[in-house]
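Asks: fold the following.
(3 chains)
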Amino acid sequence: MAKSWKMPKWFYQLGSPRWFYDISSRLLPWFVIAAVVLLTVGMVWGLAFAPADYQQGNSFRIIYIHVPAAVLAQSCYILMAIAGAISLVWKMKVADMVAKSCAPIGATIAVLALVTGAIWGKPTWGAWWVWDARLTSMLILLFLYIGVYTLHTTIENDISAGQAGAVLSLVGLVNIPIIKYSVEWWNTLHQPATFTVLEKPSMPAEMWIPLAIMVLGFYCFFAVSLMLRTRVEILHREKRAGWVQQMIEEQ
Amino acid sequence: MSRPLLDVKDLFCERDDRVLFENLSFSVSRGEVLQIEGPNGSGKTTLLRILSGLSKAFEGELIWNGQALADVRDDFLEALLYFGHLPGVKATLTPEENLRWYAALHPQTDSITERIFDALSNVGLYGYEDVPCHSLSAGQNRRVSLARLYLSRAPLWILDEPFTAIDKRGVAAIEALVETHSQNGGSVILTTHHDLAIKGLRQVHLGGENSTEWGTSGGGK
Amino acid sequence: MTNKAASDLSLSRVFVMTLKRDLLLAYRRRNDLVSPLVFFLMVATLFPLGVSPEPQFLSEVAAGVVWVAALLSTLLSMDSLFRSDFDDGSLEQMLLSPQPMALLVVAKVCAHWMISGLPLTIMSPLLAVMLFLPSEGLSALVLTLLIGTPTLSLIGAIGAGLTVGLRKGGVLITLLVLPLYIPVLIFGTGAVQAATGGLPIAGYLAILGAILALGIVLAPLAIAAALKISVSN
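Replies: Model prediction:
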């Protein structure tokens, strides 16, 4: 693919779908192993060995899924917006494909965070849904994901779809701090007495170490699914390129 | 002035997995009229949209006055008149109002009212300047849009099928206008299925028999 | 120097001409202007019918209802902002003119606000009375709408720009834009509630103003980029 780039060579390599495809096939197994190990260790430790919360008993253990999901859902959006910006500015194909792959993954993780939040809410607040600031922000984040995803799927031209999605996710990125701030402010106005578990000054190490492991595990899992999705996208869009044809013939 | 105004190098474009053109190179100098030729679906409109900068779905180089077009886009836009498939005419506005807004987009120093009326009478719409465009015929609406050619001082004209829905006399008038423009040092790139009788006309052929799935289309001069 | 002065002059001229053109277009099709306003009124009517006509209840939710109705009504009119320019090729001409697209876009959004957000703001006291909004909240409602609706127009225009090339743009635009409207909604209704409670609202107005300022600076760039993408498709 002859193109004129104005960036250094490594940047060019990064932008080449083939390079990404090669490097990701070498990285994938390591990330799969890391994800499996971290998630297993974190899960067993968190669910079986970590001490029960003095207020909530065992029901707090859902944070070992809820918190990593919530953290990941937010970073995934940031990654999507940054990848989108890179693809807009430098017309980097891989960045565009990464951004496109982020939307459905991020949306799914946001749903996971919402569902676990609701399950956690039942024993904690006595209701499946409470208009808590974090949950509400997460719901709005899910809406933002859905917007980007719908835009990607509605616009038929791959290039335009990627660019439009990138613009929207950048607009969303600018808005997220404003949304978060406004929702938190709105929340204190309407529900001054909600108690938030995670802002407790000290969580004992036996509780937060497995949590940290779970967060890492989620990131590795995310890396795996992102690479897999991006690889499919690469094959789809580069199906005419010589190296893809050659690979198909070899198999 | 040996340097071409617009230089096109190794243009490649595909649409829906079909290669429209590749290795397409040509150039336009001052005073030249270039006709893009080819059957329907050969990518003439796509090529003009790429040249104007509306479409970026291509690979290759566009050079304006010796510099990469993307770097001197403002200069390029100052020098461009683009006449596309869509007339850019608002149905609820009158021809005069339409042209006034167009003139505001391309500011000029001299008295614009006079020139708008001149342009309208040149395209045979004298007496229609206050009629809303939705009461005009399709051909008359195209003429409102074509009046921009008389209004413009831009050296480069890109015209996509300018003769659609225009009667014979209108076609002759526009053809004469294009010729005058080139004699005054202007350049014109246009597509049309009419046979043009313009001196020094050059042609670029697109597509053709071999436009099969992965087929290549020859570019040349 | 004269060159720069001349180009400044031509910029303000093209801004005014575009604004005038859009207002003239709206005036020629003035019947279309009424429907978002009627919609605004209807949404507000649904609440007493759907929930309760109890004055005390209504006075509590009035601010929120008026704001939600204003939000939906703005969205309703948003889809048409660039639609006809896209369909008839005016948008191509704008993109291929030597004028900065962001400036043309601001002129268009400005015109759109003058025919949608401004009438809504002027009409809002009527709804406030129908919904028994305490009179202390009335000026806050009008003020917040006055500062908030331009932001709604600016953000909505991003969505309109992204979806203008799509046939089903109207539904999609709501999906893209509504989540981005939430901060304006929160601070708008917050201010009215504060005012009815006898609290100062300067802080809310300042935040709404800051959001508007941010919108005026950034949104035109996003809208222009969105339109370029839509036209290049």
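Asks: may I have the phi/psi pair for B:T191?
Replies: phi -120, psi 140 (degrees, to the nearest 10).
Asks: who touches the residue in chain C that chain B sits nearest to in this structure?
Replies: Scanning chain C for proximity to chain B using C-beta to the nearest C-beta identifies C:G89 as nearest, at 2.6 Å. Where C-beta positions appear, they are placed from N, C-alpha and C, glycine not excepted. Contact analysis of C:G89 by C-beta atoms under 8 Å, 6 or more residues apart in numbering or on different chains lists B:84-89.
Asks: mind running it again at 10 Å?
Replies: B:82-90, B:145, C:231 (C-beta atoms under 10 Å, 6 or more residues apart in numbering or on different chains).
Asks: quick check, central residue of chain A?
Replies: A:C76 (3.1 Å; C-alpha atoms, centre = their mean).
Asks: give me the below-cutoff pLDDT ranges for the stretch 151-251 of chain A.
Replies: Scanning the stretch 151-251 of chain A for pLDDT under 70 picks out A:190-202.
Asks: which parts of it sit against chain B?
Replies: A:156-160, A:163, A:239-240 (C-beta under 10 Å from any C-beta of the partner chain).
Asks: neighbour-wise, give me the winner out of these.
Replies: Highest neighbour count within those: A:Q163, with 27 neighbours (other C-beta atoms under 10 Å in any protein chain shown).
Asks: need the longest helix for chain B.
Replies: Counting residues, the longest helix found in chain B (DSSP state H) is helix B:168-183.
Asks: ok, back up a step: how about the residue nearest to the centre of chain A, what does it touch?
Replies: A:101-103, A:105-110, A:141, A:145, A:219, A:222, A:226.
Asks: and what of A:L88?
Replies: A:95-96, A:99, A:162-163, A:165-167, A:170, C:225, C:229.
Asks: which element is it on?
Replies: helix A:63-90 (DSSP states H and E).
Asks: what is the mean pLDDT for that helix?
Replies: Average pLDDT, helix A:63-90: 93.
Asks: ok, the residue nearest the centre of chain C - contacts?
Replies: Geometric centre of chain C, nearest residue: C:S153, 2.7 Å, by C-alpha atoms, centre = their mean. Neighbouring residues of C:S153 by C-beta under 10 Å, 6+ apart: C:74, C:77-78, C:81, C:108-114, C:116-118, C:160, C:215, C:219.
Asks: the residues you listed also near chain A: which ones?
Replies: C:215, C:219.
Asks: centre of the chain to the helix or strand bottoming out on mean pLDDT in chain C, how far?
Replies: Least confident element among the helices and strands of chain C, by mean pLDDT, DSSP states H and E: helix C:2-28 (a mean of 84). Distance of helix C:2-28 from its chain centroid, counting by C-alpha atoms, centre = their mean, to the nearest Å, is 21 Å.
Asks: next secondary structure element downstream of that helix?
Replies: helix C:31-50.
Asks: could you check that next one against chain B for contacts?
Replies: No. Helix C:31-50 lies out of reach of chain B by C-beta under 10 Å from any C-beta, never closer than 10.7 Å.
Asks: give me the longest helix you can find in chain C.
Replies: helix C:202-232.
Asks: out of the contacts of A:L88, which are buried?
Replies: Neighbour counting by 16 or more other C-beta atoms under 10 Å in any protein chain shown classes A:95-96, A:99, A:162-163, A:165-167, A:170, C:225, C:229 among the contacts of A:L88 as buried.
Asks: in CSV: those, plus secondary structure.
Replies: Formatted as CSV, the buried ones among the contacts of A:L88 follow (DSSP: H, G, I helix; E, B strand; the rest coil):
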residue, secondary structure
A:A95, helix
A:D96, helix
A:A99, helix
A:G162, helix
A:Q163, helix
A:G165, helix
A:A166, helix
A:V167, helix
A:L170, helix
C:A225, helix
C:I229, helix
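Asks: follow-up on the earlier one: just the buried ones from the contacts of C:G89, in ChimeraX syntax?
Replies: Here is the ChimeraX command that selects the buried residues among the contacts of C:G89 (16+ other C-beta under 10 Å):
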select /B:82,83,84,86,87,88,89,90,145 /C:231
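Asks: could you check how far A:L72 is from chain C?
Replies: Distance, A:L72 to chain C, by C-beta to the nearest C-beta, to the nearest Å: 19 Å.
Asks: now swap in A:N187 and tell me
Replies: 10 Å.
Asks: which residue is the nearest non-sequential neighbour of that residue?
Replies: Leaving out its chain neighbours, the residue that sits closest to A:N187 by C-beta to C-beta, 6 or more residues apart in numbering or on different chains is A:A133, at 3.7 Å.
Asks: coming back round to it: and chain C, which of the contacts of A:C76 contact it?
Replies: Among the contacts of A:C76, chain C is touched by A:141, A:145 when using C-beta under 10 Å from any C-beta.
Asks: would you agree the residue nearest to A:N187 is in contact with A:W185?
Replies: Yes. In this structure, A:A133 is within contact of A:W185 by C-beta atoms under 10 Å, at 8.7 Å.
Asks: B:S182 - how many residues pack around it?
Replies: Neighbour tally, B:S182, other C-beta under 10 Å: 21.
Asks: now the residue of the stretch 51-200 of chain A found nearest chain B, nearest residue through space, not along the chain?
Replies: The nearest approach of the stretch 51-200 of chain A to chain B comes at A:I159, 5.9 Å away (C-beta to the nearest C-beta). Once flanking residues are discounted, A:I159 sits nearest to B:A57: 5.9 Å by C-beta to C-beta, 6+ apart.
Asks: which SSE is that neighbour in?
Replies: Applying DSSP H and E, one finds B:A57 in no helix or strand.
Asks: over to the one 4 residues further on?
Replies: For B:E61, the element it lies in under DSSP H and E is strand B:59-64.
Asks: A:P51 in helix, strand or coil?
Replies: coil.
Asks: ok, the residue lying closest to it once chain neighbours are set aside to A:I62 distance?
Replies: Of all residues not flanking A:P51 in the chain, A:E206 sits nearest, at 5.7 Å (C-beta to C-beta, 6+ apart). For A:E206, the distance to A:I62 equals 17 Å [C-beta to C-beta, to the nearest Å].
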